[in-house]
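[1] Curious how this folds, go ahead:
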Amino acid sequence: MTTHQSELDPTRPRGARLPRTERRAQLLEAALEVFVAYGFHAAAMDDIAERAGVSKPVLYQHFPGKLDLYLALLEKSCNEIIERCQAALASTDENKERVARTVEVFYDYVASESGAFRLVFESDLTNDPAVREQVDRVTNECAEVIAEVIAEDTGFDAAASHLLAVGLVGQIQVSARYWLHDNGNLSQPEAARLVAGLAWRGIGGYPKTD
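    Sure thing, here's the model as predicted:
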């Protein structure tokens with residue numbers, strides 16, 4: 001057992017052969033726990049294989065190297081927050097409620113016990129172009145759907161709408177991470193309501209077009 005592995009929960013027992021998709025999902029789950037706990041640089045493929053209860057050759061059959069595994073996990077985590085953001089915006093036609101639900105999405109994401117947000121917002125590998133591309137994708141793709149609403153309601157052009165949308169996403173991301181690390185006496189719902197109110201008072205001040 002590695003030094004890192006002894007600090008995590010007990011490893012999963014080795015079991016029967018799994019279909020490839022199930023094995024891949026199992027490996028990604030184990031990798032998430034290890035990467036969240038130690039970051040990319042300190043984590044080792046030995047730790048991940050042991051955590052998953054498989055041999056290293058099995059792990060390498062699915063992922064040729066640690067970076068490949070990290071990127072697959074990062075893409076999965078980025079897709080999750082993007083899809084949640086898109087669903088929140090599509091869930092209502094009321095813009096004030098859209099803002100509130102989008103804020104809730106980010107606060108729920110950072111508060112998740114999985115810690116997946118650390119790969120997206122606190123990665124120790126953002127100097128790698130492929131990692132940076134995935135991380136930036138969260139801001140850009142969430143901002144794209146918000147910008148569509150802004151443009152439709154205000155008549156602003158694409159550039160202005162996207163800039164406002166990026167500002168909203170950045171505000172929500174940063175506040176959610178700050179709350180998680182230094183929340184004082186604020187509960188998650190209280191913090192989300194405060195930030196949603198601030199965001200709405202800003203973007204809601206722009207007049208809607210006729």
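
[2] Confidence-wise, which helix or strand of this structure is lowest on average?
    helix 3-7 (a mean of 49; mean pLDDT, DSSP states H and E).

[3] could you point out which element follows that helix?
    helix 20-42 (DSSP states H and E).

[4] Which elements pack onto that next one?
    Contact here means 3 or more Cβ pairs under 8 Å, 6 or more residues apart in numbering; DSSP states H and E; on that basis helix 20-42 packs against helix 3-7, helix 45-52, helix 56-62, helix 66-90, helix 117-121. For the C-beta atoms, the positions are set from N, CA and C on the backbone; glycine is no exception.

[5] Centre of the chain to the longest one, how far?
    If I follow you right, that is helix 66-90. Offset of helix 66-90 from its chain centre (Cα atoms, centre = their mean, to the nearest Å): 6 Å.

[6] who are the neighbours of that helix, in terms of helices and strands?
    helix 20-42, helix 45-52, helix 95-111, helix 117-121, helix 129-154.

[7] One more pass at 7 Å, please.
    Under the contact criterion of 3 or more Cβ pairs under 7 Å, 6 or more residues apart in numbering; DSSP states H and E, helix 66-90 touches helix 20-42, helix 95-111, helix 117-121, helix 129-154.

[8] For the shortest one, which outside residues touch it?
    In this case it means helix 117-121. Residues outside helix 117-121 that contact it (Cβ atoms under 7 Å, 6 or more residues apart in numbering) are 35-36, 73-74, 77-78, 81, 109-110, 135, 138, 173, 177.

[9] Kindly recompute the last result at 8 Å.
    With contact meaning Cβ atoms under 8 Å, 6 or more residues apart in numbering, helix 117-121 is reached by 32, 35-36, 70, 73-74, 77-78, 81, 109-110, 134-135, 138, 173, 177.

[10] mind listing what Arg101 touches?
    Ala88, Leu89, Ser91, Thr92.

[11] ok, of the residues you listed, which come out buried?
    Burial by neighbour count, 16 or more other Cβ atoms under 10 Å: within those this picks out Ala88, Leu89.

[12] Let me know the closest of the contacts of Arg101 to Ala158.
    Leu89 (17.1 Å; Cβ to Cβ).

[13] was I right about the closest one contacting Val145?
    Yes. Counting by Cβ atoms under 8 Å, Val145 is a contact partner of Leu89 at 5.3 Å.

[14] so how far is Ala90 from the residue most central in space within the chain?
    With distances taken as Cα atoms, centre = their mean, the residue of the chain nearest its centroid is Phe117 (4.2 Å). Going from Phe117 to Ala90 by Cβ to Cβ, to the nearest Å gives 22 Å.
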